[in-house]
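[1] structure of the sequence below:
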Amino acid sequence: MIPTLLMTILLLPLALVAARVGRRRWIRRCGVARVRAELALFHHGLGDVPTGRHRLTRF
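    Predicted coordinates:
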């Protein structure tokens with residue numbers, strides 16, 4: 001029981017850092033999708049066909 005508690009206490013900072021990094025990546029990915037959707041609506045409103053630079057594909 002003591003080794004389990006010791007390992008939990010030692011690995012807690014690593015788990016918190018991993019969770020923070022994962023959340024940051026998730027937020028960034030959602031933000032990119034939102035910006036691409038807004039760009040597509042903008043081009044649709046102009047009646048313009050997006051060039052290759054503004055392709056709506058996932059990386």
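
[2] mind showing which ranges of the protein have poor pLDDT?
    For the chain, applying pLDDT under 70 flags the ranges 26-28, 30, 46-59.

[3] again, only this time at 50
    In the prediction, the chain carries no residues with pLDDT under 50.

[4] the helices in it, which residues?
    Listed from the start of the chain, the chain has helices (DSSP state H) covering 2-46.

[5] against A37, how distant is L16?
    Applying Cβ to Cβ, to the nearest Å, the value for L16 to A37 is 32 Å. No exception for glycine: its C-beta is placed from N, CA and C like everyone else's.

[6] cool, and T8?
    Summarising the geometry, the distance separating T8 from A37, computed by Cβ to Cβ, is 42 Å.

[7] before we move on, what about R23?
    Taking Cβ to Cβ as the measure, R23 and A37 are separated by 21 Å.

[8] next one: V17
    In this structure, V17 lies at 31 Å from A37, with Cβ to Cβ as the measure.

[9] ditto for G45
    Note on G45: its distance to A37, by Cβ to Cβ, is 13 Å.

[10] these two: who's more crowded?
    Under the criterion of other Cβ atoms under 10 Å, the comparison of G45 against A37 puts A37 first, with 11 against 8.

[11] G22: neighbouring residues, count only.
    Neighbour number of G22 under other Cβ under 10 Å is 10.

[12] again but with L39, I slipped
    Using other Cβ under 10 Å, L39 has 13 neighbouring residues.

[13] next: L41.
    Using other Cβ under 10 Å, the number of residues around L41 comes to 10.

[14] how close does L16 get to P3?
    21 Å.

[15] neighbour count winner among these two?
    Using other Cβ under 10 Å, the more surrounded residue of L16 and P3 is L16, with 10 against 7.

[16] for the more buried one, give its distance to T8.
    Using Cβ to Cβ, L16 is found at 12 Å from T8.

[17] ok, G31 next?
    34 Å.

[18] also G22?
    Distance of G22 to T8, computed by Cβ to Cβ: 20 Å.

[19] over to A19?
    Taking Cβ to Cβ, one finds A19 at 15 Å from T8.

[20] this completes my enquiry, with thanks.
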